[in-house]
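Novice: model the structure of this input:
(one chain, ligands or ions: 2)
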Amino acid sequence: MTDTATPITLPVIDISNARDPTVGKAMLDAAAKYGFLYVNSRGTDFTAEDVDHAFGLSRKFFASPAQEKETCRITPNNRGWSGMHTETLDPEHQRTGDFKEAMNFGDFKDGKAQQPLPPSLAPHETEIHDFAALCNKTCTRILNLLALGLEMPEDFFTTRHDPSTGPTGSILRYLYYPSIFSPATASYKHDTDVRAGAHSDYGSITLLFQRPGQPGLEILTPDGSWAPVPIEPGTNPDNAAVADKDPFPPILVNIGDLLSYWTDGLLKSTVHRVVFPLTEQRSPNPRDRYTLVYFCHPVDSTELVPVPSEIVAGHRARTGGVAAGEDRVGFGGGAGNLELGKRPLTAQEHLESRLAATYGFKKE
Ligand SMILES: O=C(O)CCC(=O)C(=O)O
Ligand SMILES: [Fe+2]
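Specialist: Ligands and ions are numbered 1, 2, ... in the order given. Below you'll find the predicted structure:
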């Protein structure tokens, strides 16, 4: 099924003018329909060199000796390195942990990491910080456009995502999924195992940088089937060609649980996963997959008050808000259904509740 499914067609949006309401509408439509969209790399703050360099650091880190990675093993604050099979994103359906390694960076303070960096990365602290800052800048454009699309004050989200005003839950993540030829994947069973289990993201928005010829991401469509997401829109997922005019493949953007909750489910937090496409398994030259992910979160203390948007209010009136009847914190009700006399959740509380729901069972 994974391999015969038709790739999904998602809009590619140019965000070079982040103050254009027409672009805001296009972004809102995609966020409400699919929860996923592409951002054309030409309209962002990144050069091809910025992105290549970040992928280079990621490769250098994952190729470094395990003893070195051990010095920065992941801690309960979600920062650091997690090894092969350490994370299980969909424990109900996975017999084994994800076939991936990851390295998470939390907020920097005055350009300094607030976590141990291994020898392979310590000399590159400034570069890692600068890349995370560019990611945040691109998220600011996207959040501005979403606010415009929702016809609310355009700085409503951006002022609440400004890391200079306080700590945030934002994470820059390097990901490495070894190829099917790697000893690390010897036990992989197609149609049983996954490189990353089905999940939704927790924050406001996520940026995903992919490399040509390293496919694997799929999203769950409303009819319950999995659709591959091409790296180059309009091409086959494993077509390695990059359009000449674009500095690097478009950035894939998706809505996370927090922004879905905040907008009463109008913006969709879509479930996704990473697999080995069958074409990749049959390929004479299967490739490792490297991705860079930026999970953008509001400042921790942000109160998730109802958003001042008539469009969200209309959606709430029609549907009752996000997943009515769901009693899991962070899903049920939506921010607009705040009970009288109750205070709103903060961004930090929302994140903690989602982490507890995902990892709570294996904490002991
Ligand atoms: O690496 C990818 O393609 C997706 C990663 C992802 O969905 C995640 O880390 O939340
Ligand atoms: Fe994800």
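
Novice: find the nearest non-adjacent residue to the residue of the stretch 201-350 of the chain found nearest ligand 1, please.
Specialist: Of all residues in the stretch 201-350 of the chain, the one sitting closest to ligand 1 is residue 291 (3.6 Å; Cβ to the nearest ligand atom). Placement of C-beta: from N, CA and C, glycine included. Leaving out its chain neighbours, the residue that sits closest to residue 291 by Cβ to Cβ, 6 or more residues apart in numbering is residue 175, at 4.6 Å.

Novice: pretty sure that neighbour is touching residue 295, no?
Specialist: No. When contacts are counted by Cβ atoms under 8 Å, residue 175 is not listed as touching residue 295 (11.7 Å).

Novice: what does the chain put close to ligand 1?
Specialist: When proximity is defined by Cβ under 6 Å from any ligand atom, the chain lies next to ligand 1 at 175, 196, 201, 208, 217, 272, 274, 291, 293.

Novice: okay if I get those residues as JSON lines plus neighbour count, secondary structure and pLDDT?
Specialist: Below are the residues of the chain next to ligand 1 laid out as JSON lines (neighbours: other Cβ atoms under 10 Å; DSSP: H, G, I helix; E, B strand; the rest coil; pLDDT from 0 to 100):
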{"residue": "175", "neighbour count": "23", "secondary structure": "strand", "pLDDT": "97"}
{"residue": "196", "neighbour count": "25", "secondary structure": "strand", "pLDDT": "90"}
{"residue": "201", "neighbour count": "25", "secondary structure": "coil", "pLDDT": "95"}
{"residue": "208", "neighbour count": "23", "secondary structure": "strand", "pLDDT": "98"}
{"residue": "217", "neighbour count": "26", "secondary structure": "strand", "pLDDT": "97"}
{"residue": "272", "neighbour count": "24", "secondary structure": "strand", "pLDDT": "96"}
{"residue": "274", "neighbour count": "21", "secondary structure": "strand", "pLDDT": "95"}
{"residue": "291", "neighbour count": "24", "secondary structure": "strand", "pLDDT": "98"}
{"residue": "293", "neighbour count": "19", "secondary structure": "strand", "pLDDT": "98"}
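
Novice: what bridges to the most centrally placed residue in the chain?
Specialist: Centre of the chain computed as the mean C-alpha position; nearest residue by Cα atoms, centre = their mean is residue 206, 3.3 Å away. On the basis of DSSP bridges, residue 206 is bridged to residue 254, residue 295.

Novice: between the two ends of stretch 67-78, how far is it?
Specialist: Distance across stretch 67-78, first residue to last, is 20 Å (Cα to Cα, to the nearest Å).

Novice: neighbours of residue 71, just the number please.
Specialist: Number of residues near residue 71 (other Cβ atoms under 10 Å) recorded here: 12.

Novice: buried stuff in the lowest-mean-pLDDT helix or strand in the chain?
Specialist: In the chain, the helix or strand scored least confidently by mean pLDDT, DSSP states H and E is helix 278-282, which has a mean of 80. Neighbour-count burial for helix 278-282, with 16 or more other Cβ atoms under 10 Å as criterion, is recorded at 280-281.

Novice: so, low pLDDT: which residues of this protein?
Specialist: Low-confidence segments of the chain, defined by pLDDT under 70, are located at 1-4, 234-244, 322-333, 357-364.

Novice: scan it for its longest helix.
Specialist: For the chain, the helix with the greatest residue count under DSSP state H is helix 125-149.
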